[in-house]
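>>> Need coordinates for the following:
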Amino acid sequence: MNDNIARLYQIAGKPERHIIGLMSGTSLDGLDIAYCQVRGEGESTAVSLLRFATVPYTDDVKARIREIFARQLVDFPLVAMLNEWLGELHASMILATLAEWGVAPAEVDLIASHGQTVMHAPKSLHGREGYGNATLQIGDGDHIAVKTGIITISDFRQKHIAAGGEGAPLAVYGDFYILGKVGENRILMNLGGIANFTYLPASMNAHEVFVTDTGPGNTLLDACTRRFFPGSDYDKDAAHALRGAVSDTLLAALMASAFFREPFPKTTGPELFNVDYVLQAQAASGTQDLSPEDVLATLTHFSARTIAAAVLTATAGMQIDTFDVYMSGGGMHNPLLVDTLRQLLPCRFRPTDDLGILGDAKEAVLFAVLANETVSGGHSDFGRRLGVPSVAMGKISLPS
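Numbers count the residues shown, from 1 in each chain. Prediction:
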């Protein structure tokens, strides 16, 4: 038997596994590295977050990714080169972080790499006949495996699409396995570049679990902050937005997209919600003369209102005031976004930290859980519904 296959077999049979979960989102702020101890599988999964760090992307790394990020036309050889280059970079970041923690690579059983999304194109967005849902993450898993010497699982979204999903959001699986509780209706709200939420019913019946993207979280705020205030990657503490006033006229134009009328579940990305989207809304509404602060205030309310509207629609007929909302993602640090959500949703808002998972680490942790399912889990039955195919995900890359 191939030594790596024997090693994988041994890992799959262990009572607990040490897994590094990696996440780099559409905000391009850096690589989240979560070192986890994972026990069990499926609904018996238990996770302890042993270490966590975010390794920031340099301006050069961000610039290279943005050359191809969410663009209709790209330099195709550059896409291929960046796929390998980013895999090598992520591997270097992992090894350096492990060294800082005093953890030897041999102590790590698996790496779970989400990769860097550069294109997400569900059929509802691209609209091209003869083609289905599509997504692309770069940062090649083979390069990570070879450079670190650790078995790497990556490319999770492709299996989701192959099984009938749209490739996102994937948080629902990990949310259900480790963050649900019998007797408590929970919403796991991820305020990332694109906002999404998972509804976990008090019954903990997998067939009732629901997940969807809602639209922009931070992506428009970050993009417009970079445009208006060069040198700033995001509106820290909503400092600019808090000095502005909401334009109801621009807000109405922003909310006119057909995306918000599409049925749940659905996914989207910066391919739709980008600076051009804002400029087009301003042109259509005659609001080009708004100050940068007014635009950012309006965009913050736009994110909050579309998130709240999606939650209220998906939970219609339920006692929403009995729900607990657990927040994660960069948007949880935006006081204006969170305060507006609190005004719009009569729920109890808490960070996922209260559940033992740091909000900033949550997505990286959830990919560690997905990798655990790849090697040790079965096929949990989530029913036959759009958006949540009953499938284990990830491609396995061996170190040699």
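
>>> Please name the nearest non-neighbouring residue to residue 38.
Distances taken as CB to CB, 6 or more residues apart in numbering place residue 372 nearest to residue 38, at 4.6 Å, with adjacent residues excluded. C-beta: built from backbone N, CA, C; applies to glycine.

>>> Over to residue 132?
residue 123 (5.6 Å).

>>> Equivalent analysis for residue 395, please.
Closest to residue 395 by CB to CB, 6+ apart is residue 155, at 4.5 Å.

>>> residue contacts, that neighbour?
Neighbouring residues of residue 155 by CB atoms under 8 Å, 6 or more residues apart in numbering: 115, 137, 141, 394-395.

>>> Which among the residues you listed count as buried?
In the contacts of residue 155, burial by neighbour count holds for 115, 137, 141, 394, counting by 16 or more other CB atoms under 10 Å.

>>> Columns distance to residue 105 on top of these, output as JSON lines?
Formatted as JSON lines, these follow (distance: CB to CB, whole Å):
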{"residue": "115", "distance to residue 105": "20"}
{"residue": "137", "distance to residue 105": "23"}
{"residue": "141", "distance to residue 105": "16"}
{"residue": "394", "distance to residue 105": "20"}
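
>>> Mind putting the residues you listed into CSV with secondary structure, distance to residue 147 and pLDDT?
Below are the buried ones among the contacts of residue 155 laid out as CSV (DSSP: H, G, I helix; E, B strand; the rest coil; distance: CB to CB, whole Å; pLDDT from 0 to 100):
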residue, secondary structure, distance to residue 147, pLDDT
115, strand, 15, 97
137, strand, 18, 97
141, helix, 11, 98
394, coil, 19, 95
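
>>> Quickly name whichever of those is closest to residue 36.
Of all the buried ones among the contacts of residue 155, the one with the least separation from residue 36 (CB to CB) is residue 394, at 15.2 Å.

>>> Could you measure from that closest one over to residue 160?
For residue 394, the distance to residue 160 equals 10 Å [CB to CB, to the nearest Å].

>>> By mean pLDDT, which helix or strand of this structure comes out lowest?
Least confident helix or strand of the chain, by mean pLDDT, DSSP states H and E, is helix 123-126 with a mean of 89.

>>> ok, the residue nearest to residue 132 - contacts?
Applying CB under 8 Å, 6+ apart to residue 123 gives the contacts 131-133, 166.

>>> mind checking how far it is from residue 154?
Distance from residue 123 to residue 154, by CB to CB: 24 Å.

>>> Could you do residue 384 as well?
According to CB to CB, residue 384 and residue 154 sit 27 Å apart.

>>> okay, these two: which has more neighbours?
Legend: neighbour count by other CB atoms under 10 Å for residue 384 and residue 154, higher for residue 154 (28 against 10).

>>> Grab the nearest non-local neighbour of that one.
Nearest non-adjacent residue to residue 154 (CB to CB, 6+ apart): residue 141, at 3.3 Å.
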